[in-house]
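Peer 1: Quick one, fold the following:
(one chain, ligands or ions: 1)
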Amino acid sequence: MRLSDEQRAMMEGARGNGAAKAMEILVALGDIFEAEELLPVRSVQVAGVSYGNLGDEGLAYLEELAVDGRAVVPATLNPAGMDLRSPERMGLDPRFVEKQRRVIAAYGRLGIAAACTCTPYLAGNMPAPADTLAWSESSAVTYANSVMGARTNREGGPSALAAALTGYTPAYGLHLDDARAPTRRFVVEAQPAGPRDWGLLGMLVGQGSDGEVALVEVASQTYAPSTGPGVESLKAFCAALPTYGGAPMFHLAGVTPEATRYGVPESTQTITSADLQRARERESGLQGAPELVCLGCPHATLAELRDLAELLRGGQVVVDTWICTSRPVKALADELGLTETIERSGALVLCDTCFVVAPLKGRYSRLVTNSAKGIYYARGHGGMDVALLTAADCIQVALIGRMP
Ligand code: F3S
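Peer 2: Residues are numbered from 1 along each chain as shown. Next comes the predicted model:
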């Protein structure tokens, strides 16, 4: 890989040990993927924030980097293992809380903003079309590529952090035109209604696309003003698609800025109403009483919080209920009285975290959510029995304590 004088000097330690280590990671990555050069990045999203995933080794690595490493481009963090301001509401082990605080402090010294959200684009880290990024967090990566038309590979935590400390990422994969061209076409005859269905659609497209970039044509979408899927459904689709095997980039006709730039792939698969209905039924069962209801995966928008407040107004939940969002969105919900309405019901509005990265293993065994991505991880890593329902049905479960 070609390096400029500045990049070579950084690698030799001219900007300190942290930047030199970061350059080593980027050069190794570039060599593996045969990148010709490093590209300057506009922003970074760093995953690998929960102490539950990092452990002591990861924490020690961050603290060492933070001795002299500093981010040189705007960079934000993915969710942590707890709500940073009120971890006590989550019933966590104090040792976990202390270590998680050290992780956040190390990232702070590195100059990375503790936005702690998987929707950085709703929290101040908002790319423009064609921006070069180095983002980790598959749902945000997919959203950036496919909805906003920016360009990023699905970075791991270390390579994203390396990009933050140097301002560069290797030019390979989804940074190049060829890799962004769709090679599978999905014609969706089903009519997805809301985020739960769009998550299921992401699951079906992901499972059928074998890691290739998909062109998705949804017959029922006309894309007249306000009739498209909306942010809530798009983020659910972007979260599910790579989780179930798809590439972190798709072209959705009428939404993706580049959707008309490439040819239409020959290989076509149809997703019918019966396919979607079968998926709804397959994922909606639970063996026994629900123990935890979770919404806000990816983190809830203001519109979602408004709808949830209406569904909970005047009621009392009888099942632990978590609604996860980003801190800037919660601040708006606070001002509008939505947080108060939600929390008067006994449900919690949590920031900085989610049920997948919080250390919940062993505490709950039956979960209800509206997130297709969420059920995958709760089942796989958390070993939980899970049910995927609409947000309204999730709230119904929270209020009555059993499946609707
Ligand atoms: Fe976000 Fe956690 Fe879901 S990071 S996408 S809320 S699994």
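Peer 1: check which helix or strand covers Gly52.
Peer 2: helix 51-65 (DSSP states H and E).
Peer 1: can you pull the buried residues of that helix?
Peer 2: Judged by neighbour count using 16 or more other CB atoms under 10 Å, the buried positions of helix 51-65 are 51-54, 58-59, 61-62, 65. Where you see a C-beta, it was placed from the backbone N, CA and C, and this is true even at glycine.
Peer 1: nearest to Thr260, of those residues?
Peer 2: Asn53 (39.3 Å; CB to CB).
Peer 1: ok, the nearest residue to that closest one once chain neighbours are set aside - contacts?
Peer 2: In space, and not counting its chain neighbours, Asn53 is closest to Val357: 6.8 Å by CB to CB, 6 or more residues apart in numbering. The contact partners of Val357, taken as CB atoms under 8 Å, 6 or more residues apart in numbering, are 49-50, 52-53, 78-81.
Peer 1: before we move on, the earlier item: now the buried residues of helix 51-65 in a markdown table, with distance to the ligand and pLDDT?
Peer 2: Shown next, in a markdown table, are the buried residues of helix 51-65 (distance: CB to the nearest ligand atom, whole Å; pLDDT from 0 to 100):
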| residue | distance to the ligand | pLDDT |
| --- | --- | --- |
| Tyr51 | 15 | 97 |
| Gly52 | 12 | 93 |
| Asn53 | 11 | 93 |
| Leu54 | 15 | 96 |
| Gly58 | 17 | 97 |
| Leu59 | 19 | 98 |
| Tyr61 | 21 | 96 |
| Leu62 | 19 | 97 |
| Leu65 | 22 | 95 |
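Peer 1: what does the chain put close to the ligand?
Peer 2: Where the chain comes near the ligand, counting by CB under 6 Å from any ligand atom, the residues are 78-79, 118, 139, 239, 297-299, 324, 354, 356-357, 373-374, 377.
Peer 1: What does Arg185 show for phi and psi?
Peer 2: phi -120, psi 130 (degrees, to the nearest 10).
Peer 1: That one is in contact with Ala214, isn't it?
Peer 2: Yes. With contact defined as CB atoms under 8 Å, Arg185 counts as touching Ala214 (7.3 Å).
Peer 1: These two: who's more crowded?
Peer 2: Ala214 (25 against 18; other CB atoms under 10 Å).
Peer 1: re earlier: which of the residues of the chain next to the ligand sits closest to Pro248?
Peer 2: Using CB to CB, the residues of the chain next to the ligand come closest to Pro248 at Ser139, 8.8 Å.
Peer 1: Surely the residue nearest to Asn53 is within a helix?
Peer 2: No. Counting by DSSP: H, G, I helix; E, B strand; the rest coil, Val357 is not part of a helix but coil.
Peer 1: Might you report the residue contacts of Leu389?
Peer 2: Contacts of Leu389 (CB under 8 Å, 6+ apart): 196, 284, 368-370, 397, 404.
Peer 1: and what of Ala303?
Peer 2: 230-232.
Peer 1: For the ligand, see how far away it is.
Peer 2: 17 Å (CB to the nearest ligand atom, to the nearest Å).
Peer 1: cool, Asp83 as well?
Peer 2: 13 Å.
Peer 1: three-state assignment of that residue?
Peer 2: Going by three-state DSSP: Asp83 is coil.
Peer 1: List the residues that contact it.
Peer 2: Going by CB under 8 Å, 6+ apart, the list of residues near Asp83 reads 89-90, 350-353.
Peer 1: where along the stretch 51-200 of the chain do the strands fall?
Peer 2: For the stretch 51-200 of the chain, applying DSSP state E, counting those that start in this stretch gives strands covering 75-77, 133-135, 168-170, 184-188.
Peer 1: Pick the most deeply packed of the ones you listed.
Peer 2: Mean neighbours per residue, mean count of other CB atoms under 10 Å, is largest over the strands of the stretch 51-200 of the chain for strand 133-135, with a mean of 31.
Peer 1: Run through this protein and note the low-pLDDT ranges.
Peer 2: Counting by pLDDT under 70, the ranges of the chain that qualify are 221-226.
Peer 1: domains of it?
Peer 2: As assigned by automatic domain parsing, the chain contains the domains 5-175, 179-281, 284-400.
Peer 1: Can you get me the start-to-end distance on the longest one?
Peer 2: Right, the one you point to is domain 5-175. Chord length of domain 5-175, first to last residue, is 23 Å (CA to CA, to the nearest Å).
Peer 1: thinking in terms of the whole chain, how far from its middle is it?
Peer 2: Averaging C-alpha positions (CA atoms, centre = their mean, to the nearest Å) puts domain 5-175 14 Å from its chain's average.
Peer 1: Find the nearest non-adjacent residue to the spatially most central residue of the chain, please.
Peer 2: Nearest to the mean C-alpha position of the chain, by CA atoms, centre = their mean, lies Ser139 at 3.6 Å. Nearest non-adjacent residue to Ser139, counting by CB to CB, 6+ apart: Ala239, 3.7 Å away.
Peer 1: what number of residues lie near that neighbour?
Peer 2: 28.
Peer 1: Spell out which residues sit in contact with it, please.
Peer 2: Contacts of Ala239 (CB under 8 Å, 6+ apart): 118, 138-139, 142, 199, 202, 297-298, 371-373.
Peer 1: and with 10 Å instead?
Peer 2: Ala239 is in contact with 118-119, 137-140, 142-143, 195, 198-199, 202, 297-298, 371-374, 376, counting by CB atoms under 10 Å, 6 or more residues apart in numbering.
Peer 1: can you check Val73 too?
Peer 2: Val73 neighbours (CB under 10 Å, 6+ apart): 40-44, 111, 133-134, 163-168.
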